[in-house]
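J.: Have a look; sequence and predicted model below, questions after that.
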Amino acid sequence: MIYHIPWIYMPVRSVLAVWHQLTKTEIPELSKGSVVMRERRRVEETIRAMRRAGACRLQVISDFDMTLSRFAHNGRRVPTTHNILDNRLLINEECTKKMKELLNTYYPIEIDASRSAKEKLPFMVEWWTKVHELLIEQRIRKDMLAQAVKESRTMLRDGYKVFFDGLHESQVPLLIFSAGVGDVLEEVIRQNGVFHSNVHVISNYMDFDHAGVLRAFKGQLIHTFNKREGAVTQAAGLAQLHGRPNVLLLGDSLGDLTMADGVSDPHHVLTVGFLNDQVEERKELYMNAFDIVLVRDETMDVPNAILRNITSSGRLEVKA
């Protein structure tokens, strides 16, 4: 008896075409108008390699403010974790005024495309230090933080639940590095119902006295341009990250690119940058730095699509 195997008789070009269809990266979201890439082919090759390795070899490292949280909604800026503290439950009007003055002074420096990270660093230390000193003077009460978050206009990006829940179901660790306030950040995630066991936060945490009143901030100051130090010293101690050399990194600042520096023997690192502000001035810079740049995109559509492709489980499909 002779068995015929049809594909043996196919021309080589046809076989290659079929093989290409089977192995190519099908991510329609990468063709969205908000997506720009310097090297799309390399991005797709990296995603294919990460998919072959599977979810068990993957970890996600992300910034929080203006990355997992929205930058704006209906034309209005969405508050960062520091901005959430601008609540009469926590601080007075004079403190609010001073914090806004600091924002107006230092934020333009943070996003100034003409300055290097090294030049910006001392200004960032000044900014965060002054803000923390102002907050400590207000004697903020720990028991009022949850209410302040509840009353704020803070919003996570559209698709956040798919993102957090999908990573949890796929048992992929999510490491959040934030220059914001960790206590507030955790409360935001908690109130949105996505603070799962696979989420680890490295941020600036408040130190409260026995009466629950803010007296200091714990440990080393974390700001936009020193996340590498935190990555190297703190991420290495998390057992969940061992044996996961593939990284999807999400950030909105060039300083966020160092967050993966603590990964031991990285194999594949795919970086996604949210370009929220001063787009024309910074677009070229971001395209040269990040693998994928999302321009004024307030959704998690692209990260979710990439994760859905890598895990190949359907768990990260966008729900209506």
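T.: Looks like it arrived, so ask away.
J.: pLDDT averaged over stretch 30-41 - what is it?
T.: Average pLDDT, stretch 30-41: 95.
J.: does Lys283 sit in a helix or strand, and which one?
T.: Following DSSP states H and E, one finds Lys283 within helix 279-289.
J.: Show residues contacting that helix.
T.: 36-38, 111, 113, 254, 257, 271, 273, 275, 293, 295-296 (Cβ atoms under 8 Å, 6 or more residues apart in numbering). Quick note: C-beta positions are derived from backbone N, CA and C, even for glycine.
J.: Go again with 7 Å.
T.: Here helix 279-289 makes contact (Cβ atoms under 7 Å, 6 or more residues apart in numbering) with 36, 38, 111, 113, 254, 257, 273, 275, 293, 295-296.
J.: Centroid-nearest residue for this structure?
T.: Residue closest to the average C-alpha location in the chain (Cα atoms, centre = their mean): Ser62, at 2.8 Å.
J.: quick one: it from Val213, how far?
T.: Note on Ser62: its distance to Val213, by Cβ to Cβ, to the nearest Å, is 31 Å.
J.: Repeat that for Arg76.
T.: Applying Cβ to Cβ, the value for Arg76 to Val213 is 32 Å.
J.: Of these two, which one has the most company?
T.: For Arg76 versus Val213, the count of surrounding residues by other Cβ atoms under 10 Å is larger for Val213: 15 against 8.
J.: and the more buried one, what are its bridge partners?
T.: Counting by DSSP bridges, Val213 is bridged to Arg141.
J.: now the strands for the stretch 151-300 of the chain?
T.: For the stretch 151-300 of the chain, strands defined by DSSP state E, counting those that start in this stretch occupy the ranges 174-181, 199-204, 206-208, 214-217, 246-251, 268-275, 292-295.
J.: among those, which is nearest Ala53?
T.: For the strands of the stretch 151-300 of the chain, the distance to Ala53 is smallest for strand 246-251, at 5.5 Å, taking Cβ to Cβ.
J.: ok, longest helix in the chain?
T.: The longest helix of the chain (DSSP state H) is helix 117-137.
J.: roughly how far out does it sit from the chain middle?
T.: On the basis of Cα atoms, centre = their mean, to the nearest Å, helix 117-137 sits 21 Å off its chain's mean C-alpha point.
J.: just the CA coordinates of that helix, formatted as CSV?
T.: Output in CSV follows, covering the C-alpha atoms of helix 117-137 (Å, rounded to 0.1, in the frame of the first residue of the first chain):
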residue,chain,number,x,y,z
ALA,A,117,19.4,61.6,32.2
LYS,A,118,22.6,62.5,34.0
GLU,A,119,21.8,66.2,33.8
LYS,A,120,18.2,65.6,35.0
LEU,A,121,19.1,63.4,37.9
PRO,A,122,20.0,66.0,40.6
PHE,A,123,16.8,67.9,39.7
MET,A,124,14.7,64.8,40.2
VAL,A,125,16.3,64.2,43.6
GLU,A,126,15.5,67.8,44.6
TRP,A,127,11.9,67.5,43.4
TRP,A,128,11.1,64.2,45.2
THR,A,129,12.9,65.2,48.3
LYS,A,130,11.0,68.5,48.6
VAL,A,131,7.7,66.8,47.9
HIS,A,132,8.3,64.2,50.6
GLU,A,133,9.3,66.9,53.1
LEU,A,134,6.1,68.8,52.4
LEU,A,135,4.0,65.6,52.9
ILE,A,136,5.7,64.8,56.1
GLU,A,137,4.9,68.3,57.5
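J.: and it, which residues are buried?
T.: For helix 117-137, a neighbour-count test (16 or more other Cβ atoms under 10 Å) marks 120-121, 123-124, 127-128, 130-132, 134-136 as buried.
J.: What is the burial count for His210?
T.: 6.
J.: mind listing what it touches?
T.: Not one residue lies near His210 by Cβ under 7 Å, 6+ apart.
J.: Show the pLDDT at it.
T.: pLDDT recorded at His210 is 96.
J.: Please apply the same query to Ser114.
T.: pLDDT recorded at Ser114 is 89.
J.: Mind telling me what element it is part of?
T.: Using DSSP H and E, no helix or strand contains Ser114.
J.: Let me know the distance separating the closest residue to Ile176 other than its chain neighbours from Trp128.
T.: Distance criterion Cβ to Cβ, 6 or more residues apart in numbering; nearest residue to Ile176, sequence neighbours excluded, is Val201 at 4.8 Å. Distance of Val201 to Trp128, given as Cβ to Cβ: 17 Å.
J.: what's the answer for Arg51, then?
T.: Distance from Arg51 to Trp128, by Cβ to Cβ: 38 Å.
J.: residue ranges with poor pLDDT in the protein?
T.: 1-25, 227-239, 313-320 (pLDDT under 70).
J.: Tell me where it has helices.
T.: 12-23, 40-53, 81-84, 93-110, 117-137, 145-151, 160-169, 182-191, 227-234, 279-289, 301-311.
J.: is it possible to export those to TSV including distance to Asp265?
T.: Output for the helices of the chain, formatted as TSV (distance: least, Cβ to Cβ, whole Å):
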stretch	distance to Asp265
helix 12-23	26
helix 40-53	13
helix 81-84	32
helix 93-110	32
helix 117-137	25
helix 145-151	38
helix 160-169	22
helix 182-191	28
helix 227-234	14
helix 279-289	23
helix 301-311	19
